[in-house]
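Asker: When you get a sec, could you give me coordinates for this:
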Amino acid sequence: MGDPYITKPKVYLLGRQVVVDQELERFLADEGLTFTTDTAVAAEILNEIAGRTCYLSFGKGRKSNREYLENILASKHGSVLEHAVWNLLITGVSRALTHELVRHRAGFGYSQLSQRYVDESEARYVVPPLYQQNAELRARWQQTIECVRRAYAELAEATSAYVQERYPELPPRERRKWARQAARSILPNACETKIFVTGNSRAWRHFLELRGSPHADTEIRLLAVEIGRILKRESPNLFQDVEIIDEPDGMPSVRVTHSKV
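Answerer: Numbers count the residues shown, from 1 in each chain. The predicted model follows:
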């Protein structure tokens, strides 16, 4: 199983958009328009096309893509940003974190590991950042977690035996699900989970602004910082006003110049 205790999240960038060039050329030809841009990032191209569609400004007032999107951000034309989408797979985070993450609904989609179907006897646990700073508190925390781990395994086994005796007609898979969905009730918020998240750039910006703040929960704040770094590499123009800075508390945070776009 390796180290059952996790101290930082992992974020995997699994999906990004592409531009269907043939269809773009067909649209431009049909409408008698011309369009060129200086970015190769599909999300940035699509956002520029979306914005120019609103005013049929193709071939007019040409600016660099960065300048064009900066104007979109400054004018808070946020709906344009909803056309750029990224898919992230996040691991090494706690259930406490995802309870907050899934509150971000508009512009997001989620698929999360199910504790009803997955045996958590060998689950890993996320060490709260505060306990990572103090060896004594971490030791006490881990002692508590180990008690819960043993209790879950014993309870799940006993529950499975009861379900098999009480409901012998159930298929084995259903019996396991019934047992795990009951036993999971004692698992703590620190239990590690995995979650696949799809979000558009407007939604991601809102997440970064709120959860990357020094006032946010520390675990989700550090996740926001990691996601912010990834998205800035992915799309320097769409996230041009997003900064990762070091705070007096010794941890990084996210600052967004154009708030609530």
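Asker: what's the longest helix in this protein?
Answerer: Counting residues, the longest helix found in the chain (DSSP state H) is helix 135-166.
Asker: Could you pull up the mean pLDDT of whichever helix or strand comes after it?
Answerer: Next along the chain after helix 135-166, taking DSSP states H and E as the criterion, comes helix 172-183. For helix 172-183, mean pLDDT is 94.
Asker: Flag every buried residue along the helix or strand following helix 172-183.
Answerer: Toward the C-terminal end, the helix or strand that comes next after helix 172-183 (DSSP H and E) is strand 192-200. Neighbour-count burial for strand 192-200, counted by 16 or more other CB atoms under 10 Å, picks out 192, 193, 194, 195, 196, 197, 198, 199, 200. No exception for glycine: its C-beta is placed from N, CA and C like everyone else's.
Asker: what sits against the last one?
Answerer: Same thing as residue 200. Counting by CB atoms under 8 Å, 6 or more residues apart in numbering, residue 200 touches 81, 82, 83, 84, 85, 107.
Asker: if you set the cut-off to 6 Å instead, what comes out?
Answerer: The contact partners of residue 200, taken as CB atoms under 6 Å, 6 or more residues apart in numbering, are 82, 85, 107.
Asker: beta partners of it?
Answerer: Per DSSP bridges, residues listed as beta-bridge partners of residue 200: residue 85.
Asker: Next one, pLDDT for it please.
Answerer: For residue 200, pLDDT reads 98.
Asker: now do the fifth one
Answerer: Per-residue pLDDT puts residue 196 at 98.
Asker: contacting residues for it?
Answerer: Neighbours of residue 196 in contact, by CB under 6 Å, 6+ apart: 89, 111.
Asker: Buried residues in stretch 229-240, which are they?
Answerer: Of the residues in stretch 229-240, those buried (16+ other CB under 10 Å) are 229, 230, 231, 232, 234, 235, 236, 237, 238, 239.
Asker: same question, stretch 64-72
Answerer: 65, 68, 69, 70, 72.
Asker: SS state for the nearest residue to the second one once chain neighbours are set aside?
Answerer: Taking CB to CB, 6 or more residues apart in numbering, and ignoring the residues beside it in sequence, residue 68 has residue 48 as its nearest neighbour in space, at 5.4 Å. For residue 48, the assignment made with DSSP: H, G, I helix; E, B strand; the rest coil gives helix.
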